[in-house]
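Participant: no sequence for this one, just the structure:
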C-alpha cells in the first residue's frame, strides 16, 4: 500500500510537469482532497524528488497542491526546501544548470516560508558572494517582498547599490530599480552618495541629475550638508535665469555653517564581500562609515569647508555655468547678490575674466553692462583682490572717471577730449568700453554742441566711432535722430576755418551719405524734418542732396534743374555786389554770370556764397 500511495502522490505532485500550467492543474486536483490526505501524500512524495536544483519544478507543484488543499504544514516544508535550493542557485548559477523565473518557481507565501527565505538571504549575503550574486538575491527578495534585516539592507545600499548608482549615474542598472524596494536600502545608497559628495561635487551632481538622484528629496539630503549643496547645484544648473540665485543661496548656506567634525565611523562586518568588485571610481573610502543620524547635531557629519577652502570653488562655478564664464550682466548680479565674504578665489577669477573680456561685436547693451560692472567693482571691496589685466582696467577706468568728472565743469567737449585721449592709447581690441562711453556722450548732447564735441575727435577716434554706429545707420535700423544730428554736425564743421575741423566734417558727411543713400525716400523726408528742427540751412542742403540722390528719375531731373538755376542766381548776385564795390567803372559792356550784359536785374540778396554742396551720388 505504501509503494502505491507514493507512486500516486508522485504523479499527483507532477514532478515532471512543465510550467505553471501543470502546477495549477495539480492545485485544482489537490483542492478536491482533504488537507490531511494531501499532507500525508506529500510527505510520501518528497523522497522521490531528485536532489539539488532539479527538484525545484517538483517542489513548485507540491507547493501549489499544498496551497490548493490548504495543507499549511506541507506548504511550509516544501517552501523552505524550495527556498534553500533557490537561494543556492542564485548564489552559484553554475550549480543550478539554469535559472528559473518566479512564474515557474513562485516565491514563498506562508509566513514561516517567507521568514525562512529572509533568513537564508541574510546568511547568503554574509557569505562570500560577489556583486552579481548579491544583485540576484536582492532582485528575488524584492520580487517576493521579503522583509530583510534593516541593518543588512542599509549596508547593502551603502556598499553595493550606492557605488553602482555612482558608477552609472545615467541609470539603466538594476540598482535604480532596487533602490526603492526598501527604505533602508535607499538610505544606505544615500549614505554612500553623501560620502562621495564630500570629495567630488561634480560626480555627485551628475548622479543627482540621473534617475536615482532626481528622486532625492530636500528632507533626505538635509542630513548631509555636502549632499544638500550638490542637490541645490543640480537643480540650479538647468535653470539659467536662477543660477545666480542658487550661487547666492549656496554661499549663504556654507557661510552659516560652523566648522564640522570628521564623519562618524561605523563597524563593518568583515565577512561581507559584496561591493568589492564595483568599479573603484564609484567607491569611496568614507562609504564604509555610517552617515550622520537624522537626529541632527551631536552625531558627527561631513567635513565643512575649512580655512584653506574657498566658500565657492571652481567646481561649483563650472557646474552652474558649463558653457563658460559670466556675462557682464551675470557678474553684476553676482557682485550684488552673493555675500562678499564668499567672493574669494575662483569667483574673483571669474570676475576678472568678465572685467577684462571685451566683445564689441556683442552690441551696445553688452558694452553698457561691462562699463557698469567695472564701475561697480571699483566701488566694491572685491577691487582689492583683483590682479593682472583686470586690476589695471579698474585702476585706469577709475582714473578716467575722475578726469571725465573734472572735465564736466568745462563742458562736453572737454569730456570728449578726455575719452578720445584714453581711446587713442588703447588697442582696438580693448577700447570697446571707452568707445561706448564716447557714443553715450554724443547721444546725450544737444545737437548745437555736437560740432564742438566732434572737433576734439582724432582721426582714429572718429573712425572707431563711425564703425561703432554704422549698424544703427543701415536701412534695417535707420536711426533717424542720429542721422539728423550727425548731418547737422558735419554741416557746421565743413564751414569752419580750421582745416582739421573741415576734414572731420568731410569725413563725417562722406560716411553718413554713403549709408543714407540706401534709405527709403519716405524715411529721408523724416530725417529732413528732424534736421529742419535744428537748422534750416542744413535741412535745405539735405533736401537738395536727397532729391538728387534718392528720388526717382523725374524728381532728380527737376532737382538738378532747380539747383542749377539757384547756382546761377547766386553767382549773379555775387557779381552784382562786386560791381557795386567798384564805383566809377563802366560795367555795361561786361558779360554777366547769367549770360547777359550790364547790371543784373534787381533781386533780393540771397547772401554770401556757401560751401560746395555735399555729393552722395551712387
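Facilitator: Received, thanks. This is a predicted model, so every value here is computed, not measured. Residues are numbered from 1 along each chain as shown.
Participant: Next, residue 169: secondary structure please.
Facilitator: The three-state label for residue 169, taken from DSSP: H, G, I helix; E, B strand; the rest coil, comes out as coil.
Participant: Could you do residue 257 as well?
Facilitator: coil.
Participant: Might one say that it is in contact with residue 229?
Facilitator: No: Residue 257 lies out of contact with residue 229 (C-beta atoms under 8 Å); the separation is 10.0 Å. All C-beta spots, glycine's among them, are computed from the backbone N, C-alpha and C.
Participant: And the two? Which one has more around it.
Facilitator: The neighbour comparison of residue 257 against residue 229 (other C-beta atoms under 10 Å) goes to residue 229, with 22 against 11.
Participant: Which helix or strand contains that one?
Facilitator: helix 225-236 (DSSP states H and E).
Participant: And the contacts of that helix?
Facilitator: Residues outside helix 225-236 that contact it (C-beta atoms under 8 Å, 6 or more residues apart in numbering) are 190, 193-194, 197-198, 201, 204-205, 208-209, 213, 216, 218, 221-222, 242-243, 245-247, 249-250, 253-254, 257, 260, 301-302, 304, 316, 319-320.
Participant: at 6 Å instead, please
Facilitator: 194, 197-198, 201, 204-205, 208-209, 221-222, 242-243, 246, 250, 302, 319-320 (C-beta atoms under 6 Å, 6 or more residues apart in numbering).
Participant: So how do I select the buried members of these in ChimeraX?
Facilitator: Only the buried entries of the contacts of helix 225-236 go into this ChimeraX selection, using 16 or more other C-beta atoms under 10 Å:
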select :194,197,198,201,204,205,208,209,221,243,246,250,302,319,320
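Participant: in what helix or strand does the nearest residue to residue 333 once chain neighbours are set aside lie?
Facilitator: The spatially closest residue to residue 333, leaving aside those adjacent along the chain, is residue 244, at 4.4 Å (C-beta to C-beta, 6 or more residues apart in numbering). Using DSSP H and E, residue 244 sits in helix 243-255.
Participant: ok now that helix, how far from the chain's centre?
Facilitator: 16 Å (C-alpha atoms, centre = their mean, to the nearest Å).
Participant: Report the buried residues of it.
Facilitator: Under 16+ other C-beta under 10 Å, the buried positions of helix 243-255 are 243-244, 246-251, 254.
Participant: about what we covered before: inside helices: which ones of the contacts of helix 225-236?
Facilitator: Within the contacts of helix 225-236, residues falling in helices by DSSP state H are 194, 197-198, 201, 204-205, 208, 221, 243, 246, 250, 319-320.
Participant: Can you tell me which of those residues comes closest to residue 456?
Facilitator: residue 243 (43.0 Å; C-beta to C-beta).
Participant: For the closest one, which residues are in contact?
Facilitator: Residue 243 neighbours (C-beta under 6 Å, 6+ apart): 236, 320.
Participant: repeat that with 8 Å
Facilitator: Going by C-beta under 8 Å, 6+ apart, the list of residues near residue 243 reads 236-237, 320-321, 330.
Participant: Could you do residue 403 as well?
Facilitator: residue 418.
Participant: Return the distance of it relative to residue 425.
Facilitator: 13 Å (C-beta to C-beta, to the nearest Å).
Participant: Pretty sure the residue nearest to residue 333 sits against residue 332.
Facilitator: No: Residue 244 is beyond contact range of residue 332, at 9.5 Å (criterion: C-beta under 8 Å).
Participant: do you know how far residue 533 is from residue 146?
Facilitator: 90 Å.
Participant: Of those two, which one has the most company?
Facilitator: Neighbour count, other C-beta under 10 Å: between residue 533 and residue 146, residue 146 has more, with 23 against 11.
Participant: Which strand or helix spans the nearest residue to residue 178 once chain neighbours are set aside?
Facilitator: Counting by C-beta to C-beta, 6+ apart, residue 178 lies nearest to residue 138, which is 5.3 Å off, once chain neighbours are set aside. According to DSSP H and E, residue 138 maps onto helix 131-144.
Participant: Helices of the stretch 251-400 of the chain, start to end?
Facilitator: Here the stretch 251-400 of the chain has its helices, by DSSP state H, counting those that start in this stretch, at 314-320, 328-337, 346-356, 364-378, 388-407.
Participant: Make JSON lines from those and add distance to residue 510 and mean pLDDT to it.
Facilitator: Below are those laid out as JSON lines (distance: least, C-beta to C-beta, whole Å; pLDDT from 0 to 100):
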{"stretch": "helix 314-320", "distance to residue 510": "48", "mean pLDDT": "93"}
{"stretch": "helix 328-337", "distance to residue 510": "34", "mean pLDDT": "96"}
{"stretch": "helix 346-356", "distance to residue 510": "35", "mean pLDDT": "95"}
{"stretch": "helix 364-378", "distance to residue 510": "24", "mean pLDDT": "91"}
{"stretch": "helix 388-407", "distance to residue 510": "30", "mean pLDDT": "92"}
